[in-house]
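Asker: have a look at this prediction, sequence included:
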Amino acid sequence: MILISYDNHSHMYICICNAVTERQVRECARRGCCSLDDLSVELGVGTACGRCRPVAKEILDEASPNPLALAA
């Protein structure tokens, strides 16, 4: 992972091959992406070397709404 700062805002690139940031993964999760396959289609995550897949999955899981919490 690479951390780049622009104007005091941090953008962590989780997929260097396709220049995908953590922010983009979180936004996809908010829009309903719920799997690595969804992220691959939307952003190209994991379609080149694949090293980003574990981190992308972790961020996706963290950012996705918890269906159990919503049902309660």
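Answerer: Received, thanks. Not measured: the values here are computed from a predicted model. Numbering: from 1, shown residues only.

Asker: following the longest strand along the chain, which helix or strand comes up?
Answerer: For the chain, the longest strand by residue count, based on DSSP state E, is strand 9-15. The helix or strand immediately downstream of strand 9-15 is strand 20-21, counting by DSSP states H and E.

Asker: got the contact list for that following strand?
Answerer: For strand 20-21, the external contacting residues (Cβ atoms under 8 Å, 6 or more residues apart in numbering) are 11-14, 43-45, 52, 56. To be clear about C-beta, it is placed using only N, CA and C from the backbone, and glycine gets the same treatment.

Asker: stretch 53-61 now?
Answerer: 1, 14-15, 20, 22, 25-26, 28-29, 33-36, 39, 45-46.

Asker: quick check on those: which are buried?
Answerer: Among these, those classed as buried by 16 or more other Cβ atoms under 10 Å are 14-15, 20, 22, 25-26, 28-29, 33, 36, 39, 45-46.

Asker: remind me what the strand or helix carrying V25 packs against, helices and strands.
Answerer: Using DSSP H and E, V25 maps to helix 22-30. Packing partners of helix 22-30 (3 or more Cβ pairs under 8 Å, 6 or more residues apart in numbering; DSSP states H and E): strand 9-15, helix 36-43, helix 53-63.

Asker: just put these in JSON lines and tack on mean pLDDT.
Answerer: Listed next are these as JSON lines, based on pLDDT from 0 to 100:
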{"stretch": "strand 9-15", "mean pLDDT": "78"}
{"stretch": "helix 36-43", "mean pLDDT": "94"}
{"stretch": "helix 53-63", "mean pLDDT": "93"}
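
Asker: helices and strands around the longest strand of the chain, which ones?
Answerer: The helices and strands touching strand 9-15, judged by 3+ Cβ pairs under 8 Å, 6+ apart, are strand 2-6, strand 20-21, helix 22-30, helix 53-63.
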